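Q: Sequence and predicted structure are below.
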Amino acid sequence: MVEEKHKLLPSLKSIPGTMKIHQIITNKPGEIAHRSVSCTCNDPSTHSCHDLKKFVFDSHPANTASSTPMNRAKNSIVALSVEDQRAKFFEETLRAFAKMKTFDEILMLSMSIENLIKSYEMCEFIPSLHYTGLSVDEISMSIYPADITQEQVMYTVSVSADGNCLPYTGGVHAFGTEKRGAEMRVRIVTELALHQLYLDQTYLQRGLDVSTTNLPMRFAMYSESYLPGLLLNATSINTLFQNEVVNVSRDKCYMGIWQLFALSSILKRPIVSVYPQLGNPSVRMDLNRTIFPREEQRSNKAFIMWISTRTDMVHVHWVPNHFIPVLPIDVVHKPSDIEIQRWRLKAQRTKEKVKTEKDMNSNGMFKSGEEEKKTEHQESFLEKNTEHSRRKTAEFDTSEQSRTPEHEKEME
């Protein structure tokens, strides 16, 4: 009987890498998607992050014609890697870009694949040294500027220096790996081709501490396509910008400040452009800054540093030729005072619950819920009181700043 039932069961093979699987998702009979690293997104089945893979099981009974060796080979587990399909699309697009000679050709292709690129979503990812496993670049740490504002200790990390350093750096910030170079380059090229906002003075000014005029002209002079002596006006700057988009569409072509702006919009995060205190001070005034995305943005910032792989330059003549990411050792969430108080109240509530259960066991009944209500009331009061204190502090700071020397004499 057992053998007869066994013949009716599907003949299934084990999934390769079963011991490494940490997350399994299934929305359809006979199919599963899995990851080696769990995704914490709201709907992890729709994201291809963390190497999402899909498997389709052969559901034919072992005693049917499909159980023949040839049919079993055809109907065995079919591995459909979402990541492989994604990588293939961006690699083919990059090869298509390389064959194009004009900006209009790149623009037409970018318009045709815009929605498809959007379908390949990126998670809200915050990388760290611990997660990525990248090594610290000690030479860059020695020239890291001391005037950069940051909430925690950051470290410069190494990425490959083959002309794809900015796409690699973008890949580290978006996915935790530099293996997405082709995808990030295609995203940067299409972003620049589709949006003329990157020539707008008002937009480029955002993130600078001081007002700077003619930023499109200044950025044009930093371009690899700029030739000394070229007269820069609105028309020539636009032409130069388009020529640069064509150039950076080639694999392993160096990128610059315009591409940093595009990367910020792709990540939907502000980028802190870290420029060492070396070389021309005027250049540092333009490039050592915060860059904001053109639309929706996340609060956490991505730090990217300009460095050089050359060792033959003196400080006064220093120029960059490489980008690297700057990461914390680990992503640490610093709790607010209210969160700390809530945790304490939660612990108090847990203790009271345990005490109530003990009383129930000893007396055969539960105590009243007055203690729990009291704790809830304290939590509500804490929030109101904290907000009230913040308003009072703000009023006090304002009144202190408005004092004059005459007020101080009257007080004496």
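A: Noted; the coordinates are in hand.
Q: Out of the helices and strands in the protein, which is least certain?
A: helix 69-75 (a mean of 41; mean pLDDT, DSSP states H and E).
Q: per-residue pLDDT, the closest residue to residue 102 other than its chain neighbours?
A: In this structure, residue 102 finds its nearest non-sequential neighbour in residue 246, 7.0 Å apart by C-beta to C-beta, 6 or more residues apart in numbering. Just so you know, the C-beta spots here come from the backbone N, C-alpha and C atoms, and that holds for glycine as well. You'll see residue 246 listed with a pLDDT of 97.
Q: which other helices and strands contact the stretch of helix or strand residue 186 belongs to?
A: For residue 186, the host element (DSSP states H and E) is helix 181-194. Helix 181-194 is packed against helix 82-98, helix 103-119, helix 165-175, helix 234-248, helix 257-267, with contacts defined by 3 or more C-beta pairs under 8 Å, 6 or more residues apart in numbering; DSSP states H and E.
Q: Select, out of the ones you listed, the one closest to residue 131.
A: helix 165-175 (10.0 Å; C-beta to C-beta).
Q: tally of neighbours for the residue nearest to residue 102?
A: Burial of residue 246 is recorded as 20 neighbouring residues (other C-beta atoms under 10 Å).
Q: how near is it to residue 187?
A: From residue 246 over to residue 187 the distance is 16 Å, taken as C-beta to C-beta, to the nearest Å.
Q: Over to residue 94?
A: 11 Å.
Q: out of these two, which sits in the busier spot?
A: Between residue 94 and residue 187, residue 187 has the larger neighbour count (other C-beta under 10 Å), namely 24 against 19.
Q: Surely residue 154 and residue 328 touch.
A: Yes - the criterion here is C-beta atoms under 8 Å, and residue 154 meets it with residue 328 at 5.7 Å.
Q: Averaged pLDDT, the strand or helix carrying residue 286. What do you get?
A: Under the criterion of DSSP H and E, residue 286 resides in helix 281-287. Mean pLDDT, helix 281-287: 95.
Q: Could you do stretch 144-156 as well?
A: Here the average pLDDT along stretch 144-156 is 91.
Q: I'd like the domain boundaries of this structure, if you could list them.
A: When the chain is parsed with automatic domain parsing, its domains come out as 2-76, 85-328, 337-411.
Q: among the ones you listed, which is the most enclosed?
A: domain 85-328 (a mean of 17; mean count of other C-beta atoms under 10 Å).
Q: first vs last residue of it, how far apart are they?
A: Terminal residues of domain 85-328 are spaced 32 Å apart (C-alpha to C-alpha, to the nearest Å).
Q: change the start of the numbering to 33 and stick with it
A: Sure thing, new numbering starts at 33, so read that last one as domain 117-360.
Q: thinking again about what came up before, what comes into contact with the helix holding residue 218?
A: Identification of contacts with helix 213-226 by C-beta atoms under 8 Å, 6 or more residues apart in numbering yields 118-119, 122-123, 125-126, 129, 135, 138-139, 142-143, 145-146, 149, 152, 196, 198-200, 202-203, 206, 230, 273, 277, 280-281, 283, 287, 290-291, 294-295, 297-298.
Q: 7 Å instead?
A: 122-123, 125-126, 129, 138-139, 142-143, 146, 149, 196, 199-200, 202-203, 206, 230, 277, 280-281, 283, 290-291, 294-295, 297-298 (C-beta atoms under 7 Å, 6 or more residues apart in numbering).
Q: what about the following helix or strand past it, average pLDDT?
A: Reading on from helix 213-226 to the C-terminus, the next helix or strand found by DSSP H and E is helix 233-237. What helix 233-237 shows for mean pLDDT is 96.
Q: same thing with stretch 123-139?
A: Across stretch 123-139, the per-residue pLDDT values average to 96.
Q: related to what we said a few turns ago, determine which of the helices and strands packed on helix 213-226 approaches residue 165 most closely.
A: So among the helices and strands packed on helix 213-226, helix 197-207 is nearest, using C-beta to C-beta, at 10.8 Å.
Q: who touches the closest one?
A: 81, 154, 157, 159, 164, 191-192, 209-213, 216-217, 220, 287, 291, 295, 298-299, 334, 336, 354-357.
Q: And for stretch 234-250?
A: 229, 231, 233, 264, 269, 318, 321, 322, 323, 324, 326.
Q: residues in contact with the residue nearest to residue 132 when sequence neighbours are not counted?
A: Computed as C-beta to C-beta, 6+ apart, the closest residue to residue 132 that is not its neighbour in sequence is residue 138, at 5.4 Å. By C-beta under 7 Å, 6+ apart, the residues touching residue 138 are 129, 132, 221, 225, 277, 278, 281.
Q: now swap in residue 192 and tell me
A: 200, 210.
Q: Output the below-cut-off pLDDT ranges for this structure.
A: Judged by pLDDT under 70, the chain has its weakly predicted residues at 33-45, 61, 72-82, 89-113, 364-380, 382-383, 385-387, 389-444.
Q: make it 50
A: 37, 40-41, 91-112, 367, 398-400, 424-426, 428-444 (pLDDT under 50).
Q: Check the gap between the closest residue to residue 274 other than its chain neighbours and residue 53 for me.
A: Using C-beta to C-beta, 6+ apart and skipping the chain neighbours, the partner closest in space to residue 274 is residue 135 (3.8 Å). According to C-beta to C-beta, residue 135 stands 46 Å off from residue 53.
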